[in-house]
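Student: Could you work out the structure for the sequence below:
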Amino acid sequence: GNVYGTPFCEEAYSIVQTMDGGYAITGWTNMPIANHPNIFLLKLDSLGIPMWTGMYWFPVNSKDEGSSICEVPGAGMTDRYLIAGRANIFDTTNFDAFVMQTDPGGAPISLASVISGQGTDEAYSVLWGGQTFLAAGWSNSFGAGDADIIFWEDDTAVGSPPLAAFHFGWGNEEKVMDDRSLIGIPGHWAVSGWTKSVGPGIPNPNFLIIAQDTSGFLGRIHPSAPGAFDEQAYPMTLTHSGYAIAGFTNSSWSLGGDDFHLLTLDHGLNRPVCVIDTLPPFVDIS
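Tutor: Numbers count the residues shown, from 1 in each chain. All right, here's what the predicted structure looks like:
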């Protein structure tokens, strides 16, 4: 394996294979200001050799962290990159969720989208949907004070409000925490996370899968039998018959400590065993 870094600290959180056969990685570095993370973008060729790097921060230079990256296809060498994460954009007290855009060489083009409220807002997953992008994370700015899952769709125009934005939460904590929690296209997507509001064993978390299709919003809660303790979902992927979601559980009868937990659902988020499908309404925050 290869190691990439500086005399300072670097942490990587997301990697994507690019259309030229190489890779793009995002995370953070505290170069040049120790204890102040800055967004970091590293472009590698197909052999893992660094081609260029980018480092970005906002005017209130406190903490800026990249959590997820995707490629925006262009013509030839005009592919761009979108980075989602959290940053102290407007003040040093609370994080704002952001999606920023760079050119093919890593130069910043624009701050494509910001979700900013009175509390903490953090983005953890971003993907390109063809004409617009989709992003997801969590926020405590729009609910009753506890964390809610947030999802939004936007284009890359500077300063435009989101085309659509929703929060999903019911009194306790709901979070999305993985760079590959979100899959799909506008109008037909799914996101994986966890809820402490609904399902057995609450306030211990249960898997929470939310989707949108032509019929509207769908939601599924999934514990691991007997479901009395923690189940947290992280990445998800499409399968030939629906979705596969990975995470961990410590509710299993037969195994001790934390265990891998794999959930499969069909395209309608259906599974005949251990799935709860009654959820309170979702809220539009656009």
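Student: which outside residues touch whichever strand or helix holds Tyr124?
Tutor: Take DSSP states H and E as the rule and Tyr124 turns out to sit in strand 121-128. The contact list for strand 121-128 (C-beta atoms under 8 Å, 6 or more residues apart in numbering) reads 67-73, 82-86, 94-99, 115, 133-139, 141, 150, 176-184, 191. Yep, even glycine has a C-beta here, placed from its N, CA and C like the rest.
Student: out of the residues you listed, which are buried?
Tutor: Buried members of the contacts of strand 121-128, counted by 16 or more other C-beta atoms under 10 Å: 67-72, 82-86, 94-99, 115, 133-139, 141, 150, 176-184, 191.
Student: hmm, back to that, just checking: what are the partner strands of the strand holding Tyr124?
Tutor: strand 133-139 (antiparallel) (DSSP bridges).
Student: for the strand it pairs with, what is the average pLDDT?
Tutor: In this model, strand 133-139 carries a mean pLDDT of 96.
Student: got the CA positions of it in CSV?
Tutor: Extracted as CSV, the C-alpha positions of strand 133-139 are listed here (Å, rounded to 0.1, in the frame of the first residue of the first chain):
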residue,chain,number,x,y,z
PHE,A,133,-26.3,16.5,-7.3
LEU,A,134,-27.8,14.7,-4.2
ALA,A,135,-26.4,15.1,-0.7
ALA,A,136,-27.2,13.7,2.7
GLY,A,137,-26.1,14.1,6.3
TRP,A,138,-27.6,15.3,9.6
SER,A,139,-28.6,18.5,11.3
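Student: Tell me the helix or strand right after that strand.
Tutor: strand 148-154.
Student: Name the residues of that following strand that are buried.
Tutor: Counting neighbours by 16+ other C-beta under 10 Å, strand 148-154 gives 148-154 as buried.
Student: List the pairing partners of the very next helix or strand once past it within its sheet, with orientation.
Tutor: Remark: after strand 148-154, the chain's next helix or strand is strand 164-168, criterion DSSP H and E. Strand pairing for strand 164-168, determined by DSSP bridges: strand 148-154 (antiparallel), strand 283-284 (antiparallel).
Student: These: lowest mean pLDDT?
Tutor: Across those, strand 283-284 gives the lowest mean pLDDT, at a mean of 64.
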